[in-house]
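1. build me a model:
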Amino acid sequence: MARSSLTHIKLWLPAICLTLLNGCFDRHRSTDSLCESYPQICADTNLNDGQCRLQRTKLIWQRYDVLKDPTDIEKFKELKFTYEYQKCLEFAARIEPTELKERKTNRTNALLASYRNIDRLNTELAHSTDPEIIYYRLTQGDKSALRQFLLLEGKPEMETPELQLALATFYTDKDKEKTIRLLKHALELYQKGQAIKPEIIQSLATLSHQNKSTDKAYLWAKVSSELGMPVASQKKLISFYPMSDEQRQQLDEQAKKISEAIQDGRFKARMAN
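-> Purely as a prediction, here's the structure:
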């Protein structure tokens, strides 16, 4: 092949690739274009209505994700978005439009459809083995989910702060020491920059207080303060937990180190011993 032909091919290839990529990305640049291609994922929503637009858009795009990848976790995301959409519609359906009275009918129909979709998704997820979905079913009153969830303890799929917190809540009234271990482990699982659930720190402070462990209760209260979470004033903490100035200073320094370690994703349970 001539050298000039090779040069031309090299020049064309990036342009062709770019055109193909743009075609893929541009195909569904808007929710309207998505609904044109997949009307079934939009038909039961209140399209062309300013009410619940954000929730509707999130739901439609998540339904598209389910079409492409119909896994339990994607369906669970759709379920959560449907709940958000339903909550908005429950308010919007009561609003009387000044024009286009059929909009209220569309909102009501969309609301009724959201109830049906929630029932459908709950049925489809009833036998899921995903721990997050099992815990969701447990919170919804599904008693069969409790044994499933507890049997997952120690499994790799349970190694997230949220699931360790969920597991800890079960043991709160049964085994306080185990609850504390689980909560500390939840903190060990945070990566740098992740948002920390205040319930974990608050529960550690509360359990320590209930165990009459003054130093630990004060320590976790100070960790909470260092992390910018709601906590009693320093004056009240001093009143609640009397100790020497030296001990208080040591705990203040320890709390600062612990809070920094949690934020940096390098906390270890032994740091709070």
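
2. what sits closest to Lys176 if chain neighbours are left out?
-> Leu207 (5.5 Å; Cβ to Cβ, 6 or more residues apart in numbering). C-beta coordinates here come from the backbone N, C-alpha and C atoms, glycine included.

3. which other residues reach the host helix or strand of that neighbour?
-> Using DSSP states H and E, the element containing Leu207 is helix 198-210. The contact list for helix 198-210 (Cβ atoms under 8 Å, 6 or more residues apart in numbering) reads 161, 165, 168, 172, 176, 179-180, 183-184, 186-187, 216-217, 219-221, 223-224, 227, 229-230, 272.

4. please name every helix or strand in contact with the very next helix or strand once past it.
-> Per DSSP H and E, the first helix or strand lying C-terminal to helix 198-210 is helix 214-226. Contacting helix 214-226 under the criterion 3 or more Cβ pairs under 8 Å, 6 or more residues apart in numbering; DSSP states H and E are the following elements: helix 198-210, helix 234-240, helix 245-264.

5. looking at those, which one is packed in the most?
-> helix 198-210 (a mean of 19; mean count of other Cβ atoms under 10 Å).

6. just want the angle from that one to helix 214-226.
-> Between the axis of helix 198-210 and that of helix 214-226 there is an angle of 160 degrees, by axes from the mean of the first three to the mean of the last three Cα atoms, to 10 degrees.

7. next, the angle from helix 198-210 to helix 245-264.
-> 150 degrees.

8. quick check: mean pLDDT of helix 198-210?
-> The average pLDDT within helix 198-210 is 97.

9. check stretch 115-126 too.
-> Model confidence over stretch 115-126, given as mean pLDDT, is 97.

10. show the buried residues in the contacts of helix 198-210.
-> With neighbours counted using 16 or more other Cβ atoms under 10 Å, the contacts of helix 198-210 contain these buried positions: 161, 165, 168, 172, 179-180, 183-184, 186-187, 216-217, 219-221, 223-224, 227, 229, 272.

11. how near is Cys42 to Leu79?
-> Noted for Cys42: a distance of 18 Å to Leu79, by Cβ to Cβ, to the nearest Å.

12. so which helix or strand takes in Cys88?
-> Assigned by DSSP H and E, Cys88 falls within helix 72-92.

13. which residues touch stretch 42-55?
-> Counting by Cβ under 8 Å, 6+ apart, stretch 42-55 makes contact with 31, 34-35, 56, 59-60, 81, 84-85, 87-89, 92, 95, 103, 106-107, 109-110, 113, 117, all of which sit outside it.

14. what do you get for stretch 184-197?
-> Outside stretch 184-197, the residues that touch it by Cβ under 8 Å, 6+ apart are 159-162, 164-165, 168, 200-201, 204, 227, 262-269, 272.

15. residue ranges in this protein under the pLDDT threshold?
-> For the chain, applying pLDDT under 70 flags the ranges 1-28, 96-100.

16. show the contacting residues for the spatially most central residue of it.
-> Against the mean C-alpha coordinate of the chain, by Cα atoms, centre = their mean, the closest residue is Glu162 at 8.4 Å. With contacts defined as Cβ under 8 Å, 6+ apart, Glu162 is in contact with Glu132, Ala186, Lys197.

17. export those residues to TSV and append columns for distance to Gln250.
-> Compiled in TSV, the contacts of Glu162 are given as follows (distance: Cβ to Cβ, whole Å):
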residue	distance to Gln250
Glu132	39
Ala186	25
Lys197	27
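
18. need the contact list for Thr179.
-> Under the contact definition (Cβ under 8 Å, 6+ apart), the residues listed for Thr179 are Ala168, Tyr171, Thr172, Ser203, Leu207.

19. what's the angle from the host helix or strand of the residue nearest to the centre of the chain to helix 198-210?
-> Element membership for Glu162, per DSSP H and E: helix 161-171. Helix 161-171 runs at 30 degrees relative to helix 198-210, counting by the same axes, to 10 degrees.

20. and the following helix or strand past helix 161-171 with helix 161-171, angle?
-> For helix 161-171, the following helix or strand on the C-terminal side (DSSP H and E) is helix 176-188. Calculated by the same axes, to 10 degrees, helix 176-188 forms an angle of 170 degrees with helix 161-171.
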